[in-house]
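>>> Based on what follows, work out the 3D shape:
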Amino acid sequence: MRTCSHSLGHATEINAMRWLAHNSVVLRSQKTNNQPSWYACTSRMDCGPPATAFYTQLWTSASGESRAHLIYVHGFGEHVGRYEDIFPLWVNNGVSVFAYDQRGFGRTALDEEHKSATSSWCRSCWKDQVEDLEFFIGYESTRVGHNLPIFLMGFSMGGTEVLGIVATPPLRHHVVNRISGVIAEGPMLLVANPDAWEEEPREPGDPSDDTPEDPYEVVPIPLRDAGKWQSRNPTIIEAFKTDPLLHNYTTRQLRNDTLSSGSALAKENFKNWPKNLPLLIVHGDGDLINSCKASQDFVRDTEAADATCSPYPGAYHELHHEPDGQGLQAVNECIKWMIDHIPGRS
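Numbering: from 1, shown residues only. Next up is the predicted model:
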């Protein structure tokens with residue numbers, strides 16, 4: 001065992017194994033303007049709180065140089081492997097990317113050889129997720145140093161988390177002081193289409209809530225044909241159905257936590273958004289899972305001096321994977337916004 005210490009305003013110490021045997025560095029190329037652009041992807045199981053192994057990826061240019069750093073948080077039920085066509089676009093614009101399979105998802109939960117003994121599918125909660133993100137912001141801040149600006153971005157549930165770590169009490173001022181901006185794609189604030197749900201979502205404490213003594217009991221995701229609502233791209237729909245790291249079930253704890261935390265952000269906690277922290281939300285207005293209107297209302301109602309909501313006409317939930325160039329347009333908008341918000345850039 002080794003002790004890993006990372007800090008962001010306070011000391012965080014955990015004991016966890018770093019599985020160097022599972023460490024891999026791959027050099028790849030992607031054509032940009034018909035010219036090959038080389039980048040590196042480093043993947044490994046890394047130490048996280050509390051004594052939990054997390055599958056992580058670090059995407060950099062082949063030289064390792066970058067002008068900004070992005071911490072990316074994936075959505076509910078998925079994993080970072082679904083972004084291997086997206087992260088190189090950031091790297092090719094001078095932005096390094098750190099991403100991790102969240103607690104309860106992807107290889108963090110399902111890699112039988114390297115995962116922690118306590119890790120299993122959807123075994124997580126809002127408190128754990130936000131504390132994990134706080135830890136990795138500190139982890140990456142220490143690794144890259146304080147001269148490199150850090151931005152947060154999250155999709156769907158991950159979008160709720162990057163908004164929540166800023167605006168959900170207890171407020172984490174040390175986090176806000178370290179990041180230069182936040183991007184949320186299709187965040188789960190409010191449900192978009194109740195007809196897509198097999199049962200009405202209920203918040204913890206609701207008298208009709210049937211949460212058992214074991215909050216980690218596995219239950220089906222209460223969405224009707226979840227893959228159908230992800231994208232208009234048939235390739236993505238098929239991949240969603242066949243990916244061995246995706247499953248169509250959750251736990252009552254995580255289901256309730258995600259819905260209630262998003263609702264609290266939409267109805268009350270938007271008031272806590274710092275005035276001087278830039279915010280961009282991109283959202284498909286055809287999203288049948290998460291409400292685009294709630295994203296627009298969040299931006300409208302926050303007191304941030306620099307906040308934008310960019311709706312994409314007709315786009316479904318996975319905006320970044322939408323066909324006919326719409327997904328690429330959204331990714332490029334996020335990249336340009338981030339570059340434009342690098343501190344000191346004229």
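>>> From the opening residue of stretch 173-183 to its closing one, how far?
Stretch 173-183 has an end-to-end distance of 18 Å (criterion: CA to CA, to the nearest Å).
>>> what about it, average pLDDT?
Here stretch 173-183 scores 96 as its mean pLDDT.
>>> Could you count how many residues lie near residue 308?
For residue 308, the tally of surrounding residues (other CB atoms under 10 Å) stands at 14. Backbone N, C-alpha and C define where each C-beta goes, glycine included.
>>> correct me, but it touches residue 302?
No. In this structure residue 308 lies outside contact range of residue 302 using CB atoms under 8 Å: 10.9 Å.
>>> Next, show the common contact partners of the two.
residue 279 (CB atoms under 8 Å, 6 or more residues apart in numbering).
>>> Run through the strands of the stretch 1-150 of the chain in chain order.
For the stretch 1-150 of the chain, strands defined by DSSP state E, counting those that start in this stretch occupy the ranges 2-7, 11-16, 19-32, 35-48, 52-61, 68-73, 95-100, 150-155.
>>> Which of these comes out lowest on mean pLDDT?
strand 11-16 has the lowest average pLDDT among the strands of the stretch 1-150 of the chain, namely a mean of 30.
>>> Next one: residue 299 from residue 266, what distance?
Distance, residue 299 to residue 266, by CB to CB, to the nearest Å: 11 Å.
>>> ok, those two, which is more surrounded?
Neighbours were counted for residue 299 and for residue 266 using other CB under 10 Å; residue 266 has more, 22 against 19.
>>> host element of the more buried one?
helix 252-267 (DSSP states H and E).
>>> Name the next helix or strand following that helix along the chain.
Next along from helix 252-267, by DSSP H and E: strand 279-284.
>>> If we go by neighbour counts, what in whatever helix or strand comes next after that following strand is buried?
Scanning forward in sequence from strand 279-284 by DSSP H and E, the next helix or strand is helix 292-301. The neighbour-count check on helix 292-301 (16 or more other CB atoms under 10 Å) flags 292-299 as buried.
>>> now stretch 247-267
Here stretch 247-267 shows 247, 250-266 as buried, counting by 16+ other CB under 10 Å.
>>> Could you do stretch 338-346 as well?
Buried, per 16+ other CB under 10 Å, within stretch 338-346: 338-339, 341-342.
>>> Put the alpha carbons of it into PDB.
The C-alpha coordinates for stretch 338-346 follow below in PDB (Å, rounded to 0.1, in the frame of the first residue of the first chain):
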ATOM      1  CA  MET A 338     -12.900  27.500 -23.100                       C
ATOM      2  CA  ILE A 339     -10.000  28.900 -25.100                       C
ATOM      3  CA  ASP A 340     -11.600  32.300 -25.100                       C
ATOM      4  CA  HIS A 341     -11.900  32.100 -21.300                       C
ATOM      5  CA  ILE A 342      -8.300  31.200 -20.600                       C
ATOM      6  CA  PRO A 343      -7.200  33.900 -18.000                       C
ATOM      7  CA  GLY A 344      -4.900  36.600 -19.500                       C
ATOM      8  CA  ARG A 345      -5.800  35.700 -23.100                       C
ATOM      9  CA  SER A 346      -6.500  38.800 -25.100                       C
END
